[in-house]
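[1] Sharing a sequence plus its predicted fold:
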Amino acid sequence: MADTPLPPEVTTLNIPPHRPLVVVDVDEVLGLFMRSFEAFVGVHGLEMRIDRFALFQNLYRPGETTHVDVSQGRRLFDAFFACDPHLMEVAPGAAAALGLLAEQATIVVFSNAPAACRSTRARWLAENGLAYPLVIGVGPKGPTVAALAARTESPTAFVDDLLPNLDSVEAEAPEVHRFQSVADERLRVFAPSAPERHPRYDTWNELAPAIARALKLPGR
Ligand SMILES: [Mg+2]
């Protein structure tokens, strides 16, 4: 992925150098993606069985024991983003918690959603009290987070549900405070974690104070 260009927002976003930075993922961090995707695939005659931490290997035709072809899952994933992200519920407490953090830190939303979904995704954020700048990326998140973090002299925090993204940020920008959060209660038990390297808080009630402490936000 070394050849993948960084998203242009890495240089164009307004990131004040003397303000801490919080870079936060969308699916399963700000939004209850799996629950919404489950409802969407249901309309297409499939059911989701959350018995592992995977996206496309959890989709079945009712009554069958082998998951549907991964390519079919991927097509539905793209279709979900293209037409119906409004279905997605916000993770409990996310908007209020980020609102408080935003009083003292710059907030940037960083999603690996399909690039074609930028406008629907931005609209979902705005309609749910999360109108922060949106960066759409591809592949491991480390290089982009490193470039964003380099824009401020203050500390940076990064939140994601996926261990590979957290590992990537650790490799590219080890000074960034990393946090894992898995919003879907059924998915939590299956999510690979490394809490000794990336502290894990699955609710915003726990996560927001931990971020504030790591960033040494005054009065928090
Ligand atoms: Mg995610």
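    That came through fine. If you're wondering where the values come from, they're calculated on a predicted model, not measured in any experiment. Numbering: from 1, shown residues only.

[2] how about the residues of this protein near the ion?
    For the chain, the residues in contact with the ion (CB under 5 Å from the ion) are 25, 27-28, 161. Glycine gets a C-beta too; all of them are placed from N, C-alpha and C.

[3] rerun at 8 Å
    Residues of the chain found near the ion (CB under 8 Å from the ion) are 25-29, 33, 111-112, 160-162, 165.

[4] farthest pair in those residues?
    F33 and N165 (14.4 Å; CB to CB).

[5] So for stretch 117-124, mean pLDDT?
    Across stretch 117-124, pLDDT averages out at 88.

[6] Same question for stretch 211-220.
    For stretch 211-220, the mean pLDDT works out to 90.

[7] got the CA positions of it in CSV?
    The C-alpha trace of stretch 211-220 is given here as CSV (Å, rounded to 0.1, in the frame of the first residue of the first chain):
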residue,chain,number,x,y,z
ILE,A,211,-9.2,10.2,25.2
ALA,A,212,-9.4,13.4,27.3
ARG,A,213,-6.9,11.9,29.8
ALA,A,214,-4.5,10.8,27.0
LEU,A,215,-4.6,14.2,25.3
LYS,A,216,-4.3,16.0,28.7
LEU,A,217,-7.3,18.2,27.9
PRO,A,218,-7.6,20.9,30.6
GLY,A,219,-10.2,20.1,33.3
ARG,A,220,-11.0,16.6,32.0
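
[8] Return the subset of the residues of the chain next to the ion lying in helices.
    Counted as lying in helices by DSSP state H, out of these, are 33, 165.

[9] Specify which member of the residues of the chain next to the ion is nearest to D184.
    D184 lies nearest to E28 out of the residues of the chain next to the ion, by CB to CB, at 5.9 Å.

[10] Now do the closest one: how many residues are near it, please.
    22 (other CB atoms under 10 Å).

[11] And for Y201?
    The number of residues packed near Y201 is 18, by other CB under 10 Å.

[12] do the same with the one 3 residues further on
    The tally of other residues near W204 (other CB under 10 Å) stands at 24.

[13] Same question for the one 3 residues further on.
    The number of residues packed near L207 is 26, by other CB under 10 Å.

[14] wait, isn't it in contact with F158?
    No: using CB atoms under 8 Å, L207 is not in contact with F158, being 11.9 Å away.
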